[in-house]
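1. predicted model and sequence follow; I will ask about them next.
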Amino acid sequence: MARQWTGADIVQTAGAYWSSCVLQAAVQLDVFTALEKGPVEEAALARRLGCDPRAFSMLVTAMVAMGLAERLPEGVAAPEALVRVLSSNSADYLGHIIKHQANIMPNWARLAEAVRTGRPTAEQSTLFTEDAREREDFLMGMYNIARLQAERIAEVLDLSGRERLIDVGGGPGTY
């Protein structure tokens, strides 16, 4: 049975990219790394990250509305669970896939053009880009995804009696 859509559902879906953009901007600016040791006064945080104070305050407001951050008397803070996966200092960092998604968003914004013409909107894959940072975000983003999947696969895959494994997927050797 098809979903019963309301006008509010349609508007919310059409604007869902706003939330993605807020998260992507916070990761690109490395906000969660700056907050890993606890709350930081908002203006000081904006300065540390090289941001315009007014624009940064609007980003923080959006982050607070989404539950990505909170404003405390001592400054801006982020939930520990988010810092664990969004601080670039963390072994559990998922920021590369988020930055990769931000890198490819302009092409997704041209989806209607791709459907109309039958041609891709990207000039080249981010795997083959000359931009080293963009290429790293793609490769490490694939690692981020594979690492999340590997944990689930390891829980259900019976490897009893196996002494050696080989990962032939062509990725970064995550499995």
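-> Great, that's in hand. Treat the numbers as computed from the prediction; the structure is a model and nothing was measured. Numbering: from 1, shown residues only.

2. straight-line length of stretch 9-20, end to end?
-> From its first residue to its last, stretch 9-20 covers 17 Å (CA to CA, to the nearest Å).

3. as a whole number, average confidence for it?
-> The average pLDDT within stretch 9-20 is 95.

4. how far does that stretch sit from the chain's center?
-> On the basis of CA atoms, centre = their mean, to the nearest Å, stretch 9-20 sits 17 Å off its chain's mean C-alpha point.

5. give me the buried positions along it.
-> For stretch 9-20, the neighbour count (16 or more other CB atoms under 10 Å) marks no residue as buried. Every residue, glycine included, has its C-beta placed from N, CA and C.

6. contacts for that stretch?
-> Arg3, Ala62, Met66, Gln101, Met105 (CB atoms under 8 Å, 6 or more residues apart in numbering).

7. now swap in stretch 34-42 and tell me
-> The contact list for stretch 34-42 (CB under 8 Å, 6+ apart) reads 45, 48-49, 53, 56-57, 60, 69, 71-72, 74-78, 83, 87, 89-90.

8. quick check: the two most widely separated of the contacts of stretch 9-20?
-> Maximum pairwise distance among the contacts of stretch 9-20 (CB to CB): 27.3 Å, between Arg3 and Ala62.

9. contacting residues around the one residue sitting closest to the centre of the chain?
-> With the centre of the chain defined as its mean C-alpha position, the nearest residue by CA atoms, centre = their mean is Ile98, 2.0 Å away. Counting by CB under 8 Å, 6+ apart, Ile98 touches Leu23, Gln24, Val27, Leu86, Gly141.

10. same deal with Ala102?
-> For Ala102, the contact set (CB under 8 Å, 6+ apart) comprises Cys21, Gln24, Ala25, Val27, Gln28.

11. where does pLDDT dip in this protein?
-> Within the chain, the segments meeting pLDDT under 70 span 169-175.

12. and the strands in it?
-> With DSSP state E as the criterion, the chain has strands at 70-72, 75-77.

13. got a list of contacts for the first one?
-> By CB under 8 Å, 6+ apart, the residues outside strand 70-72 that reach it are Pro39, Glu42, Val60, Val64, Val76, Ala77, Ala78, Pro79.

14. that strand pairs with which strands?
-> strand 75-77 (antiparallel) (DSSP bridges).

15. gap between the strand it pairs with and the chain center?
-> Distance of strand 75-77 from the chain centroid (CA atoms, centre = their mean) equals 21 Å.
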